[in-house]
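Q: sequence-free structure coming up:
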């Protein structure tokens with residue numbers, strides 16, 4: 001009898017230990033999911049660090065040179081700026097397929113107003129920025145006031161803006177030599193700053209004003225989204241617009257302001273694009289909309305809205321840049337880059353769904 005009681009106590013103790021172990025496991029997973037829910041940019045940051053370490057081991061100083069690392073920043077500058085605009089829209093549970101077209105049209109307006117109509121370059125730049133903002137306003141008005149689906153609205157606007165771009169420019173490219181000699185302000189964001197070069201001007205890190213603008217823009221937007229009432233309204237609208245409206249948030253005004261700011265940022269991206277390629281071309285930036293969505297998704301911003309960080313978008317853009325440059329230096333076929341980025345997109349969406357299950 002005593003032996004039976006001892007056996008029962010032992011079994012009960014073992015069961016409690018196993019149950020406690022299972023609870024600890026669930027607690028760890030729950031804590032991890034909760035942490036990722038609160039800091040969605042943590043996943044792309046970890047992926048970015050691992051990618052840098054792996055390519056650093058494989059390539060050594062060839063990859064870790066200041067020139068190579070700053071080259072990544074220069075390559076992702078345009079995508080990062082457009083991605084910041086895309087991030088704002090996706091945070092409201094929308095999507096903007098017209099960001100690339102707005103960027104190119106704004107750059108064409110700046111160039112054509114300067115060289116075809118003879119306006120001062122400062123006025124032409126202001127007109128280009130106004131053009132991008134106006135395009136964003138039209139998108140926002142159709143989505144917020146007319147209550148049309150963002151996907152359909154921006155898909156239609158993409159076609160309209162693209163056609164306007166070619167009709168207005170007459171498919172004419174303004175060469176970099178003309179811009180450099182007559183309107184250097186258009187190439188402002190392409191100006192290079194060299195840090196850490198030797199006396200002969202070799203080595204060092206090369207930063208363009210476009211890279212400086214990208215980093216500054218991301219930091220400002222990250223602060224505004226986290227610390228201001230407008231930023232909290234953006235998240236609230238993306239999470240549940242009906243509940244946000246009941247809480248006193250002016251949903252229509254918030255949506256219109258988001259699309260207008262997105263258009264303005266795209267116009268700045270158009271200005272930076274001129275500095276990047278040196279010329280004004282109506283055929284440039286054709287894949288900017290897809291690349292911006294890629295950076296946003298890999299960066300951990302939920303396509304369902306209401307969760308994510310513009311800082312994560314920057315990490316996502318840098319991940320693409322690291323993979324692109326790293327594989328190129330390894331001599332791999334360019335298709336491997338697309339394959340890995342595709343896998344990252346699917347993995348990012350899977351992680352987002354996993355996190356949302358716990359948050360719900």
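A: Here it is on my side, so go on. Quick caveat: nothing in here was measured; it's all calculated off a predicted structure.
Q: ok, which stretches of the stretch 1-150 of the chain are helices?
A: 2-38, 42-59, 61-64, 66-91, 99-115, 121-144, 150-169 (DSSP state H, counting those that start in this stretch).
Q: what's the closest of the ones you listed to residue 284?
A: Smallest distance to residue 284 across those (Cβ to Cβ): 6.1 Å, for helix 99-115. Every residue, glycine included, has its C-beta placed from N, CA and C.
Q: ok so, going back, possible to save the helices of the stretch 1-150 of the chain as CSV with mean pLDDT, mean neighbour count and distance to residue 275?
A: Converted to CSV, these look like this (pLDDT from 0 to 100; neighbours: other Cβ atoms under 10 Å; distance: least, Cβ to Cβ, whole Å):
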stretch, mean pLDDT, mean neighbour count, distance to residue 275
helix 2-38, 56, 11, 37
helix 42-59, 90, 17, 25
helix 61-64, 85, 14, 26
helix 66-91, 92, 25, 9
helix 99-115, 97, 28, 10
helix 121-144, 98, 21, 12
helix 150-169, 96, 17, 18
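Q: now residue 112: how far from residue 181?
A: Note on residue 112: its distance to residue 181, by Cβ to Cβ, to the nearest Å, is 17 Å.
Q: need the helices of the stretch 1-150 of the chain in JSON lines with distance to residue 353, can you?
A: Below are the helices of the stretch 1-150 of the chain laid out as JSON lines (distance: least, Cβ to Cβ, whole Å):
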{"stretch": "helix 2-38", "distance to residue 353": "11"}
{"stretch": "helix 42-59", "distance to residue 353": "13"}
{"stretch": "helix 61-64", "distance to residue 353": "33"}
{"stretch": "helix 66-91", "distance to residue 353": "16"}
{"stretch": "helix 99-115", "distance to residue 353": "25"}
{"stretch": "helix 121-144", "distance to residue 353": "25"}
{"stretch": "helix 150-169", "distance to residue 353": "20"}
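Q: between these, which gets nearest to residue 291?
A: The closest of the helices of the stretch 1-150 of the chain to residue 291 is helix 66-91. By Cβ to Cβ, the value is 4.7 Å.
Q: quick one, what contacts residue 239?
A: The contact partners of residue 239, by Cβ atoms under 8 Å, 6 or more residues apart in numbering, come to 93, 305, 306, 307.
Q: which SSE is the residue lying closest to residue 86 once chain neighbours are set aside in?
A: Nearest residue to residue 86, sequence neighbours excluded (Cβ to Cβ, 6 or more residues apart in numbering): residue 292, at 4.1 Å. In this assignment (DSSP states H and E), residue 292 forms part of helix 288-298.
Q: Could you check the angle that helix makes with helix 42-59?
A: Interaxial angle, helix 288-298 versus helix 42-59 (axes from the mean of the first three to the mean of the last three Cα atoms, to 10 degrees): 100 degrees.
Q: Where does the residue lying closest to residue 230 once chain neighbours are set aside fall, secondary structure wise?
A: What sits nearest to residue 230 in space, not counting adjacent residues and going by Cβ to Cβ, 6+ apart, is residue 224, at 6.8 Å. For residue 224, the host element (DSSP H and E) is helix 209-227.
Q: angle of the next helix or strand after that helix against helix 66-91?
A: As assigned by DSSP H and E, the chain's next helix or strand after helix 209-227 is helix 229-239. With the same axes, to 10 degrees applied, the angle from helix 229-239 to helix 66-91 works out at 70 degrees.
Q: Pull out the buried residues from helix 229-239.
A: Within helix 229-239, the residues that count as buried by 16 or more other Cβ atoms under 10 Å are 231, 233, 234, 235, 236, 237, 238, 239.
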